[in-house]
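[1] Make a model of this:
(2 chains)
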Amino acid sequence: MFKTISCGDINRSHSGETVQLAGWVHRRRDHGGLIFIDLRDTTGIVQVVFDPLETPGVHKIAETFRSEWVLLVGGNVSLRPEGSGNPNISTGEIEVRATTVEILNQSKTPPFEIADESTIDELLRMQYRYLDLRTKKMHDNIKLRHKVVKYIRDFLDSRAFIEIETPILTKSTPEGARDFLVPSRLNPGTFYALPQSPQQLKQLLMVSGFERYFQIAHCFRDEDLRGDRQYEHTQLDIEMSFVDENDVMELVETLYSSIVKDIAVDRIASDKFPRLKYDEVMEKYGTDKPDLRYELELVTLTDVIYKTGIRILTAAIDNGGIVKGLVAPGCAEYSRKDLDSLVSFVQTRGGEGLVYIALDKKAGDIKNLEMEHIRSPISRHLTTEQIIEIAKRADANPGDLILLAAGPAKLINTVMSQVRQEIADRLGLTNPKNLAFAFVTDFPLFEWDEDGNHWEASHHLFTSPWEEHWGLLDQDPGKMKARHYDLVCNGMELASGSIRIHNRQKQERIMEFLGYTKHQMEDRFGQILGALEFGAPPHGGIAPGIDRFMTLLTDHAESIRDVIAFPKTQSGADPLFNTPSSVTPEQLKELHIKVSENS
RNA sequence: GGCCCGGUGGUGUAGUCUGGCUUAACACACCGCCCUGUCAAGGCGGAGAUCGUGGGUUCAAAUCCCAUCCGGGUCGCCA
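    Next up is the predicted model:
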């Protein structure tokens, strides 16, 4: 071993000891006489002193040190002279007085400083990811991730779960997300697919009788990337036999609240996660993954607004749309600029616009509201009584700002849910230390797809409907509820799960309803349908995303890219490896692949 | 695929709207010299940028126009 102790582990109890350290030159402070080097390894930073009077030879070498050189330093730990301690670092009471030094490696001047406080272009960070990962910030993120994953493994192990690996080369199932395909060399013209999730595999493991399975699983989806979406992400895949939705939710609830309590100690979360119905959260928050750190509920105002006859709003209602409002408490004083930025916020997200009604707090009480207290582009189309009615319905008071948007329900919900988030940010209600977990339940089993003009499974087609809803399949499938539950937190979907169908006939009824022919069922799902015929136990599970969860646990993650060691850019590139890249004609030939000219 | 923001020495930014006062400014980093208690050390000096790329307009373009590439956000998409 090169070192007898790590930089960050030294403290005043080691005073007087002789140590050997290895690490990187974090910073150097050359006084001409004394030279101070902050030596950094993965545990932290310690100050090394090179004294020209005590060790002139070693001091001479130290004059050549530059940032990020790799050193092996021998020396004595000593308390710093009175008054020269550094309370900002854990090793600030002591220093190592160097007696020997060896340069293990030199470094070019790095393209950016290895420091947490610097903001560096993300492309450059990715091009030199191995340097970006040297920062304490990234070390902390990656180490915390390790801790969380280890905690999960220990937790589930202690509850009799078995971790089982499933293959990365699996079968393409064209529904859902786009698959990543891998050509088969031995079977020309055929392909494997990378798993979008081990869904069918874990169900098969339940049929195999393992009863409690989990896996830290890599999942692959060839869809556009975002701050919270990468081509490949890691999920905690869980499946259990002989359970109902409560068992699964309670397991996750205990696991997640324990992680917060034991690892992310600066985070605040409750032990019990509220359970909310899908219809209710869509109405109140406009999204199925609401941020519950604050209230700010949306209000449907379609009827009151329709009565006013204001054309710009009622036109949308005539076309089948809705009007939703949101009260921004105490924001009546918003400047024209503030308001304009909200309007364009809505417009850049596909909305027609945003109508505001500011109620001057001078009115005192809502009953005393007069026209002079109203600031709104639609005020001249409204009577005082109408404004009071709107305000009452929205539960707005003088001093508040009412925001209204009209249009198709889906769009308005999407946009207004984002306005809600934006207002909460502006009001400072989004403390990242608070983790507002909740389960969303009672999802519809199917969603109508306008474009394709057919029904789709809103979760996936293995999800069981409520037992008493099977009768609705032929009558009113849109009303069928699913045994499906999501874990949400701070406006993020963290996990999705369900109780599965474990009966072949029932599974085939769903597939048939979704438009599959017998032949297609057999071709795509033959393996799972077959397994369901051999004593498949009732089972269900859930799959929490690890990457998203990690961003909630750290202070230093702007996106999931900050909790993944080697992520990809929004266009799916890795600037470090410079991939995707072309391959040799020989490789293509072996794989029976021809690249078309016009691509 | 649509929309929005951004790209200026090694890094981070200013300058762009309103073309010329720019020999492109500032901070950090880098190089040299000075300096014995600093810790984002300090002082003095120095080097370093054809302003993402390609066209165009103009007497004149970092600045205006067109195209294109790259990064980020967002809608679609993500069972």
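[2] so what's A:Ile168 up against?
    A:194-195, A:218 (Cβ atoms under 8 Å, 6 or more residues apart in numbering). For every residue, glycine as well, the C-beta is placed using N, CA and C.
[3] please redo it, this time with the cut-off set to 7 Å
    Shown in contact with A:Ile168 (Cβ atoms under 7 Å, 6 or more residues apart in numbering): A:194-195.
[4] Could you tell me what pLDDT the model assigned to A:Thr135?
    Among the per-residue scores, A:Thr135 shows a pLDDT of 95.
[5] ditto for A:Leu296
    92.
[6] now swap in A:Gly407 and tell me
    87.
[7] Now do the end-to-end distance for stretch A:328-336.
    For stretch A:328-336, the first and last residues are 15 Å from each other (Cα to Cα, to the nearest Å).
[8] quick one: buried residues of that stretch?
    The neighbour-count check on stretch A:328-336 (16 or more other Cβ atoms under 10 Å) flags A:328-329, A:331-332, A:334 as buried.
[9] can you tell me which two in those are farthest apart?
    Farthest pair in those (Cβ to Cβ) is A:Pro329 and A:Tyr334. Separation: 11.8 Å.
[10] Around A:Arg226, how many other residues sit close by?
    10 (other Cβ atoms under 10 Å).
[11] no no, A:Ile89
    14.
[12] heading toward the C-terminus, what's the first helix or strand past the helix or strand bottoming out on mean pLDDT in chain A?
    Lowest on mean pLDDT, DSSP states H and E among the helices and strands of chain A sits helix A:336-347, with a mean of 82. Per DSSP states H and E, the first helix or strand lying C-terminal to helix A:336-347 is strand A:355-359.
[13] Give me the helices and strands touching the helix or strand just after that following strand, please.
    Scanning forward in sequence from strand A:355-359 by DSSP H and E, the next helix or strand is strand A:374-375. The contact analysis (3 or more Cβ pairs under 7 Å, 6 or more residues apart in numbering; DSSP states H and E) places strand A:374-375 against strand A:355-359.
[14] Alpha carbons of the lengthiest helix in chain A, as CSV, please.
    Taking DSSP state H as the criterion, chain A has its longest helix at helix A:136-158. Extracted C-alpha coordinates of helix A:136-158, given in CSV (Å, rounded to 0.1, in the frame of the first residue of the first chain):
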residue,chain,number,x,y,z
LYS,A,136,-16.1,16.6,-4.3
LYS,A,137,-19.6,17.3,-5.5
MET,A,138,-19.6,14.5,-8.0
HIS,A,139,-17.7,12.2,-5.6
ASP,A,140,-20.4,12.9,-3.0
ASN,A,141,-23.2,12.1,-5.5
ILE,A,142,-21.7,8.9,-6.7
LYS,A,143,-20.8,7.7,-3.2
LEU,A,144,-24.3,8.5,-1.9
ARG,A,145,-25.7,6.5,-4.7
HIS,A,146,-23.5,3.6,-3.7
LYS,A,147,-24.8,3.9,-0.1
VAL,A,148,-28.4,4.0,-1.2
VAL,A,149,-28.1,1.0,-3.4
LYS,A,150,-26.2,-1.0,-0.7
TYR,A,151,-28.9,0.0,1.7
ILE,A,152,-31.6,-1.2,-0.6
ARG,A,153,-29.8,-4.6,-1.1
ASP,A,154,-29.4,-5.1,2.7
PHE,A,155,-33.0,-4.0,3.4
LEU,A,156,-34.5,-6.4,0.9
ASP,A,157,-32.1,-9.2,1.7
SER,A,158,-33.2,-8.9,5.4
